[in-house]
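Student: Sequence and predicted structure, then a few things I'm wondering about:
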Amino acid sequence: MRTLLALMLAATAIAPIPSATQVTAAPAIQAALPPQPGTFVGRGFDTCTAPSQSAMNAWRNSSPYRAIGIYISGASRSCSQPNLTATWVANQVNNGWRLIPIELDKQAPCGTRQPKMSSNPTTARSEGAARATSAVNAARALGIPAGSTLYNDIEHYPSNASCKAAVMSYLSGWTLRLHELGYLSGMYSSGSSGITDVCSEYHNPAYTRLDHLWIAWWNGVADTDAGQYCPDEYYANHQRLHQYAGEVYETWGGVRLHIDRNYLDVAPVTSEPPGGGWSVIVDNTDSGRFTASASWGSSTFSSQRYGTDYRFADPVSASDAAWYKVNIPETASYEISIWYPANSGYNDSTPFVIATTTGTQSVRVNQRIGGGAWMSIGVFTLAAGDGDKVGVSRWTTGTGYVIADAIRVTRV
């Protein structure tokens, strides 16, 4: 476990991200949006260009669809996006739409579409990470917050062993970087190529699992079945989207659009790593998983927040901790990571309390620096069972608000 001094030195010595992979802050918008697409079961559609507001209103009032795929980033996008702004995004979410944010950039090296990822797996992994950073920048510019799932569109390709290795490495870099930045990872592809490759390597620890799988299989059935392309038990925890029909025209409310039809059963969950690993994220908005007294306020002030908002409180000479409840599968060692927005007015010595098998342990964090990303505060032995495992205490001699946003617990 890292000492307090080491933790603080590490926080102050973080190297700047090179300009090519620099993450930008989100713009201020009228109201904080929830993560997208969030928890949702039902029909959705995707279309090349984000429709006008009047078209979206007509379809919201008349169609059976409640989710829409939008192409937010990538050099392989075929259509311009004159309507796609932060205001458009906020309007759709506030009108009850769920958004499916799509990146369409590097493609399989054995495919025909440009640009292509490297055929070298090591290089492809780095490219995937760089594209994740770019996609997060695009999402933040549109007001799509951390906790959202970003879907990498890799079109059909004639797979072979070397091509599959490149694609899987690219997606691993994509997923790891998105997780570092607080987003979940998804992938869209043809059932006979990308989906088959991903599912064939489901148990391979050399690759990082995606969080969501978007299956292009035009069988005309509105469900999340992947047929022969992926076993039912893979990506089974509300982690699937199925594009069941494509290249069709539909008219609702007098507005005709060219769309692909989709069915979703999704939730903001992360995949367990191959080899039996386990990880869970608890946000301050998770019902039944986070508790705090009435002295803790809610804020959307910082764009570095995880999800919709975060909690804050003045320091006092009493614990009054905000607690995160986690159902630990078995007694073992777990890494605790935290997510918080940083600000010069926040506390420079916030106590994070961990309920271990040998009693509570405390780690103090300077919340004026290092925000907007996952930060490990150490590895601890946690007891099996459902209960309060991580707390944020108000009892500190530091100055400024103490902040409680999100935590991640990962078995190691």
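Tutor: Nice, thanks for sending it over.
Student: in the stretch 101-250 of the chain, which spans are strands?
Tutor: Secondary structure of the stretch 101-250 of the chain (DSSP state E, counting those that start in this stretch): strands located at 149-153, 184-190, 212-216, 239-252.
Student: closest to Ser299 out of these?
Tutor: Among the strands of the stretch 101-250 of the chain, strand 184-190 comes nearest to Ser299, with 23.1 Å by C-beta to C-beta. No exception for glycine: its C-beta is placed from N, CA and C like everyone else's.
Student: by how many degrees do the closest one and strand 212-216 diverge?
Tutor: With axes from the mean of the first three to the mean of the last three C-alpha atoms, to 10 degrees applied, the angle from strand 184-190 to strand 212-216 works out at 20 degrees.
Student: how far does strand 184-190 sit from the chain's center?
Tutor: Centre-to-centre, strand 184-190 and its host chain are 12 Å apart (C-alpha atoms, centre = their mean, to the nearest Å).
Student: Other residues contacting it?
Tutor: 102, 132, 147-156, 171, 174-175, 178-179, 194-195, 198, 210-217, 241, 243, 268-270 (C-beta atoms under 8 Å, 6 or more residues apart in numbering).
Student: 7 Å - rerun?
Tutor: With contact meaning C-beta atoms under 7 Å, 6 or more residues apart in numbering, strand 184-190 is reached by 102, 148-154, 156, 171, 174-175, 178, 194-195, 198, 210-214, 216, 268, 270.
Student: can you give me the strands for the stretch 301-412 of the chain?
Tutor: Using DSSP E, counting those that start in this stretch, the strands of the stretch 301-412 of the chain run over residues 310-313, 322-328, 332-339, 350-356, 359-365, 375-382, 385-392, 402-404, 406-411.
Student: want to throw these into a markdown table with mean neighbour count?
Tutor: Shown next, in a markdown table, are those (neighbours: other C-beta atoms under 10 Å):
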| stretch | mean neighbour count |
| --- | --- |
| strand 310-313 | 24 |
| strand 322-328 | 20 |
| strand 332-339 | 20 |
| strand 350-356 | 21 |
| strand 359-365 | 16 |
| strand 375-382 | 18 |
| strand 385-392 | 19 |
| strand 402-404 | 28 |
| strand 406-411 | 23 |
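Student: export these to CSV and tack on mean pLDDT?
Tutor: Converted to CSV, these look like this (pLDDT from 0 to 100):
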stretch, mean pLDDT
strand 310-313, 98
strand 322-328, 95
strand 332-339, 90
strand 350-356, 96
strand 359-365, 92
strand 375-382, 89
strand 385-392, 95
strand 402-404, 98
strand 406-411, 91
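Student: of all those strands, which lies closest to Arg261?
Tutor: So among the strands of the stretch 301-412 of the chain, strand 406-411 is nearest, using C-beta to C-beta, at 33.8 Å.
Student: relative to strand 385-392, how tilted is the closest one?
Tutor: Using the same axes, to 10 degrees, the direction of strand 406-411 lies 130 degrees away from that of strand 385-392.
Student: For strand 406-411, C-alpha coordinates in CSV please.
Tutor: This file holds the C-alpha atoms of strand 406-411, laid out as CSV (Å, rounded to 0.1, in the frame of the first residue of the first chain):
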residue,chain,number,x,y,z
ALA,A,406,-17.2,7.8,-7.6
ILE,A,407,-15.1,4.8,-6.6
ARG,A,408,-13.8,1.7,-8.4
VAL,A,409,-13.0,-1.6,-6.6
THR,A,410,-10.9,-4.1,-8.6
ARG,A,411,-9.7,-7.5,-7.4
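Student: Just give me how far that strand sits from the chain centre.
Tutor: With C-alpha atoms, centre = their mean as the basis, strand 406-411 stands 14 Å off its chain's centre.
Student: what about the residue lying closest to Asp260 once chain neighbours are set aside, distance to Asp211?
Tutor: Leaving out its chain neighbours, the residue that sits closest to Asp260 by C-beta to C-beta, 6 or more residues apart in numbering is Gly246, at 4.2 Å. Separation of Gly246 from Asp211 (C-beta to C-beta, to the nearest Å) stands at 24 Å.
Student: higher neighbour count, these two?
Tutor: Asp211 (25 against 14; other C-beta atoms under 10 Å).
Student: Identify the residue nearest the more buried one in space, chain neighbours excluded?
Tutor: Excluding the flanking residues, the one nearest Asp211 by C-beta to C-beta, 6+ apart is Leu184, at 4.2 Å.
Student: With Trp395 instead?
Tutor: Spatially, and ignoring its direct neighbours in sequence, Trp395 is nearest to Ser319 (4.9 Å; C-beta to C-beta, 6+ apart).
Student: isn't that neighbour right up against Ser393?
Tutor: Yes - applying C-beta atoms under 7 Å, one finds Ser319 in contact with Ser393, separated by 4.8 Å.
Student: Look at these two and report which has more neighbours.
Tutor: Neighbours per residue, other C-beta under 10 Å: of Ser319 and Ser393, the larger number sits with Ser393, 23 against 13.
Student: I figured the more buried one hits Ala318, correct?
Tutor: No - with contacts counted by C-beta under 7 Å, Ser393 stays clear of Ala318, the gap being 8.9 Å.
Student: Now do the residue nearest to Asp211: how many residues are near it, please.
Tutor: Considering only other C-beta under 10 Å, Leu184 is surrounded by 25 other residues.
Student: again, but for Thr251
Tutor: Thr251, neighbours per other C-beta under 10 Å, totals 12.
Student: who does it bridge with?
Tutor: Arg256 (DSSP bridges).
Student: ok, back up a step: gap between the residue nearest to Asp211 and Arg289?
Tutor: Taking C-beta to C-beta, one finds Leu184 at 17 Å from Arg289.
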